[in-house]
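Chemist: Give me a model of this one.
(one chain, ligands or ions: 3)
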Amino acid sequence: MQKLIKNVILNKRKVDILVKDGVITKIAPEIIEDNVEIFDGQNNEVLPGLVDVHVHFRDPGLTYKETTETGTMAAAHGGFTSVFAMPNVQPVVDSPEILKKQIENNDDKSLVHTYQFAAISSNLIAYKTTEIEKMANLGAIGFTNDGHGVQDSETMYQAMLDAKRSNKPISAHVEDESLIKGGVMNAGSAANKLGLSGMSPLSESSQLARDLVLAKATGVHYHVAHISTKASVELIRIAKKEGVNVTAEVSPHHLLLDDEMIEMDNPMMKMNPPLRTPTDRKALIGGLLDGTIDMIATDHAPHSESEKTGSMLDASFGIVGLETAFSLIYTHFVKSGLVDMDTLINWMSLNPAKQFNINAGEIKVGMPADLTIMNLNDSYKINSNDFLSKGKNSPFIGQKVYGKTMATFVDGKLVYKDRSKN
Ligand SMILES: NC(=O)N[C@@H](CC(=O)O)C(=O)O
Ligand SMILES: [Zn+2]
Ligand SMILES: [Zn+2]
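Modeler: Numbers count the residues shown, from 1 in each chain. Ligands and ions are numbered 1, 2, ... in the order given. Model (predicted):
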């Protein structure tokens, strides 16, 4: 059966989009076809489905926080049609056997395309690499110990050599643990004022500097996860000039929040890396605008209510992001006039797809019909009751935003539809 998506706005023009067997077969101002299933886009904006290269789904092992089902429902609700799942589930995805099962589970339970990262080292902490080449052949999208920095150079160097040979990227959570000292927010005046223990920003940039040296030596595609400091942006800017094969992602929260906005001990403001200073935040925005930072990724990190209440001293690190990312970035970057919609699409769909080599990020004939339809005109308040994720842990609850997902299609299949009105 063919599907006809009618009355959507693409690049400021009203079009209809015809889909057959999950693929876009025609885009024209008006398509008239018999025997098609019609979806009326009601003159809302159509975008290529968003691509998030950094999410945590907690499945298996920690499914009270999120499951592949609820995580991908949240993705579809947020306009995402492809997500990359991190390996810090239980058991950790650190062997070919576990990876095989994980991919089967993803394929079984996902509403969107779920790609799977595998671990660099056993249990995310061992000083010895996993079977990277084997797992690359089984379909790992790349390798990462996200949640932990790789503490020794030899393990990272070996992982890069193996990943390079397998033609897969390394995604690095850069954190030198010797500089963290049990901190719960960025070290500095904001932490001092609140009397909370700090995490040094040097923990990130010092390990990043090491990795960039190793990346240059190995030629691997080295991707920096959730970059958070000005020094890191400067290092990547230099490395790119030097021809290092490096890309970087920044999260919506590091672009929109900083440690001076932490007015009291508040677990919703606790994440790793922590919110940094206003100076860092400005440097991240600058880095994104000048292309030093390639893309936005949410680092969607669902936790239960009890894990995110009380004091930052014992709350879990991380916040959810899939269901707020588009509206926050649209509102603060596009609606505000800083950039155009094409730039947002580059940051949230085209560049992640290109850099990680997946077939997504564009609306044109021959592409999979991975699409999201957004109402850009009406504002609403972010409300955690609307989240399909099990995680309600967001510091953005109550914010007024623009950009509401009306529908999301994956391979032409409707996977989310707004039911709040009509
Ligand atoms: N970002 C976080 O604060 N937490 C992540 C781990 C990570 O991304 O490092 C998690 O798994 O909860
Ligand atoms: Zn991380
Ligand atoms: Zn993460």
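
Chemist: CA only for contacts and neighbour counts going forward, please
Modeler: Noted.

Chemist: so what's the residue most central in space within the chain up against?
Modeler: By Cα atoms, centre = their mean, the chain has its centre lying nearest to residue 297, at 2.7 Å. When contacts are counted by Cα atoms under 8 Å, 6 or more residues apart in numbering, residue 297 touches 52, 53, 54, 226, 249, 250, 251, 252, 348.

Chemist: While we're on it, how confident is the model there?
Modeler: What the model reports for residue 297 is a pLDDT of 99.

Chemist: wait, what's in contact with residue 57?
Modeler: Per Cα under 8 Å, 6+ apart, neighbours of residue 57: 63, 66, 67, 68, 71, 85, 86, 89, 301, 302.

Chemist: Equivalent analysis for residue 152, please.
Modeler: Here residue 152 is in contact with residue 127 (Cα under 8 Å, 6+ apart).

Chemist: give me the subset of the contacts of residue 57 touching ligand 1.
Modeler: residue 301 (Cα under 6 Å from any ligand atom).

Chemist: Present the contacts of residue 57 as JSON lines; the columns should include secondary structure and distance to ligand 2.
Modeler: Output for these, formatted as JSON lines (DSSP: H, G, I helix; E, B strand; the rest coil; distance: Cα to the ion, whole Å):
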{"residue": "63", "secondary structure": "coil", "distance to ligand 2": "19"}
{"residue": "66", "secondary structure": "coil", "distance to ligand 2": "17"}
{"residue": "67", "secondary structure": "coil", "distance to ligand 2": "19"}
{"residue": "68", "secondary structure": "helix", "distance to ligand 2": "19"}
{"residue": "71", "secondary structure": "helix", "distance to ligand 2": "18"}
{"residue": "85", "secondary structure": "strand", "distance to ligand 2": "12"}
{"residue": "86", "secondary structure": "coil", "distance to ligand 2": "9"}
{"residue": "89", "secondary structure": "coil", "distance to ligand 2": "13"}
{"residue": "301", "secondary structure": "coil", "distance to ligand 2": "10"}
{"residue": "302", "secondary structure": "coil", "distance to ligand 2": "13"}
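
Chemist: For ChimeraX, write the select line for the buried members of the contacts of residue 57.
Modeler: Typed into ChimeraX, the line below selects the buried ones among these, using 16 or more other Cα atoms under 10 Å:
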select :63,66,67,68,71,85,86,89,301,302
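
Chemist: Looking at the contacts of residue 57, spot the one nearest residue 337.
Modeler: residue 301 (29.4 Å; Cα to Cα).

Chemist: what sits against the closest one?
Modeler: Residue 301 neighbours (Cα under 8 Å, 6+ apart): 55, 56, 57, 318, 319, 320, 321, 391.

Chemist: pretty sure the fifth one is touching residue 273, no?
Modeler: No. Under the contact definition of Cα atoms under 8 Å, residue 319 does not touch residue 273, with a separation of 11.3 Å.

Chemist: circling back: would you turn the contacts of residue 57 into TSV with distance to residue 139 and pLDDT?
Modeler: Below are these laid out as TSV (distance: Cα to Cα, whole Å; pLDDT from 0 to 100):
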residue	distance to residue 139	pLDDT
63	23	98
66	23	99
67	21	98
68	18	98
71	20	99
85	13	99
86	14	99
89	18	98
301	23	99
302	25	99
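
Chemist: if we take the contacts of residue 57, which one ends up nearest to ligand 1?
Modeler: residue 301 (4.5 Å; Cα to the nearest ligand atom).

Chemist: Just the ones of the contacts of residue 297 in helices?
Modeler: residue 252 (DSSP state H).

Chemist: Let's have the contacts of residue 297 in JSON lines, adding distance to residue 182.
Modeler: Listed next are those as JSON lines, based on distance: Cα to Cα, whole Å:
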{"residue": "52", "distance to residue 182": "29"}
{"residue": "53", "distance to residue 182": "28"}
{"residue": "54", "distance to residue 182": "24"}
{"residue": "226", "distance to residue 182": "20"}
{"residue": "249", "distance to residue 182": "25"}
{"residue": "250", "distance to residue 182": "24"}
{"residue": "251", "distance to residue 182": "23"}
{"residue": "252", "distance to residue 182": "25"}
{"residue": "348", "distance to residue 182": "33"}
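
Chemist: Name the residues of this structure found near ligand 2, please.
Modeler: The chain comes close to ligand 2 at residues 146, 147, 173, as judged by Cα under 5 Å from the ion.
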